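Trainee: sequence and computational prediction follow.
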Amino acid sequence: MELDLSDFFSIIYTISTMLRFIGGAMFVPALVAFFFEEYFFAKIFGVMGLFILIVFSIFSFVLGKRDVRFRHAVISIALAWFIVGFISAVPFLFVGLGPLDSFFESVSGWSGTGISMIEFPQDLPKSINFWRGFIQWLGGFGIVLLALLVFEKPQTAHNLFAAEGRSENFHVNVIKVARTILAIYIGYTLLGIVLFLFTGLDLFESIFHSFTSIATSGFSTNSSGIGFFGSSAMVVSMFLMILGGISFESHFDLTQGRVKKFFNNPEIKFFLGILIISLLLVFINLFFLNKENFFDGFFYVVSAITSTGASTLFPVSDFPALSIFLILVLIIFGACYGSTAGGLKMWRLIILVKVIRREIHKAFLPKHTVFPIKVGNKVISDESALKSLSYIALYFFCIIIGSIIFMLFGYGILESVFTVSSAQSNSGLSVLSSSSLFALHPLLKLLLSLHMIVGRMEILPFLILIKSFGFGSKI
């Protein structure tokens, strides 16, 4: 069914509420610019923030508080990611980036991917660099969760929450969930700032890298990444990345003193198990090939599984084949459901393993035996299992299509699959050199931008969006 006028008004109302936050957020880099006496950029951020706030507040006022059904919420989320990408790209135009590269940088920031089109970030004005880290931090928390803080209608908030595929249920009221998540997120961010200060980073660098580490993003204030600051800073970054890769619901258990419940969580155990096995495999691979960069290897394992994309002075492409393959697999896997990480998520992988296990066991049991899928103490319905398996299939289908397009432009299999998987999983790690990334064909930059957005919104909202506007009749 195509959208009618009432549907459009509900969607515009929802998007307007989301974008008011973007307008408000722009006053933060405006203050940073003012502090560093970058008055031109203070005006840019200030004027943009004020304009966005006024325009979309008017939209919200004129349209009034409208009923937002699940379908409206899904379409609003899908559209919002594109609109936010365009709006947030504007400041980058004033530091010499072209429109496409600015949009790419913006999308890479908000989606938490971290592939940058800026060759020397250290030469940027402080306020623009801050904006890069800030949008990654906001993107890690989520546009939807920001919007939930002001929606007054519980059903509207619930539909938005469900439309983004979130499942935290430690409060009955989803607005309270959003506030609790924000408190946890800010708390870990402040902890990260303090820890980075102890490693010798200045306040600006500490804030920036705490933003990007807890948000499992990948931008840095320099072209070398967090590895530029030494091993102590890398250890803090790994610690924050692992925190960011664990669901907020599990962090809530920790804050409530439910340590046993935290470590008994099957997804946490699965996540930590894969992480430990991966670290051992990389160690064995490097040891038998007489390589000495073990710490770099360990860092990239954590960076990959949490879809952070943070890098060291040692490029991924210089690792042995097994280590590169393992990093690729971890990028696709991702971390825990309900975290700031991208990828398939551990929860879906657990269900996949359980379904395979059930099908094997059914061959040895009577035909009508009931064999439920259980994850911990929770029984997973066949419908939920089918949704997870369908998403996994769809996820790989998108990677295959994107990789084929890359190969049509002359890139090899590894380069194509790795780059597309990294973009879609919101990782940012790459086997391509920086110069190769900067020189990508404009169509490939658009393709990667689409993969970043689609991966961040978890594909289905995008498909619903194009179908709702009369495209994709076969979907």
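Mentor: The structure has been received and is ready for your questions.
Trainee: which residue is nearest the centroid of this structure?
Mentor: Closest residue to the average C-alpha location of the chain: G112 at 4.2 Å, with C-alpha atoms, centre = their mean.
Trainee: confirm K374 sits in a strand?
Mentor: Yes - for K374, which was evaluated using DSSP: H, G, I helix; E, B strand; the rest coil, the result is membership in a strand.
Trainee: that one: neighbour count?
Mentor: Taking other C-beta atoms under 10 Å as the criterion, the count of residues near K374 is 12. The C-beta positions use only the backbone N, C-alpha and C, and glycine is treated the same way.
Trainee: which ones are touching it?
Mentor: 354, 380 (C-beta atoms under 8 Å, 6 or more residues apart in numbering).
Trainee: where's it relative to Y337, distance?
Mentor: The spacing between K374 and Y337, counted by C-beta to C-beta, to the nearest Å, is 17 Å.
Trainee: what do you get for S217?
Mentor: Distance from S217 to Y337, counting by C-beta to C-beta: 18 Å.
Trainee: how about stretch 191-207: buried residues?
Mentor: For stretch 191-207, the neighbour count (16 or more other C-beta atoms under 10 Å) marks 191-193, 195-197, 199, 201, 204-207 as buried.
Trainee: now swap in stretch 175-186 and tell me
Mentor: Going through stretch 175-186 with 16+ other C-beta under 10 Å, the ones that come out buried are 175, 177-178, 180-182, 184-185.
Trainee: for the residues you listed, give me a markdown table that also has distance to I22, secondary structure and pLDDT.
Mentor: Written out in a markdown table, the entries for these read as follows (distance: C-beta to C-beta, whole Å; DSSP: H, G, I helix; E, B strand; the rest coil; pLDDT from 0 to 100):
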| residue | distance to I22 | secondary structure | pLDDT |
| --- | --- | --- | --- |
| I175 | 20 | helix | 70 |
| V177 | 22 | helix | 76 |
| A178 | 17 | helix | 76 |
| T180 | 23 | helix | 85 |
| I181 | 19 | helix | 84 |
| L182 | 16 | helix | 86 |
| I184 | 22 | helix | 91 |
| Y185 | 18 | helix | 92 |
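Trainee: out of those, which is nearest to V107?
Mentor: Y185 (21.3 Å; C-beta to C-beta).
Trainee: chain neighbours aside, what residue packs nearest to G114?
Mentor: In space, not counting the residues next to it along the chain, G114 is nearest to G218; the distance is 2.2 Å by C-beta to C-beta, 6 or more residues apart in numbering.
Trainee: give the contact list for that neighbour.
Mentor: If you count contacts by C-beta under 8 Å, 6+ apart, then G218 has 112-115, 136, 212, 225, 303, 308-311, 427-429 around it.
Trainee: out of those, grab the one that's most surrounded.
Mentor: If you count neighbours using other C-beta under 10 Å, the busiest of these is T308, which has 38 neighbours.
Trainee: follow-up on the earlier one: from the buried residues of stretch 191-207, which two are the most distant?
Mentor: By the measure C-beta to C-beta, L191 and F204 form the most distant pair in those, at 17.5 Å.
Trainee: show me the helices in the stretch 151-300 of the chain, by range?
Mentor: Taking DSSP state H, counting those that start in this stretch as the criterion, the stretch 151-300 of the chain carries its helices at 154-163, 174-198, 203-214, 231-244, 248-255, 259-264, 266-288, 294-305.
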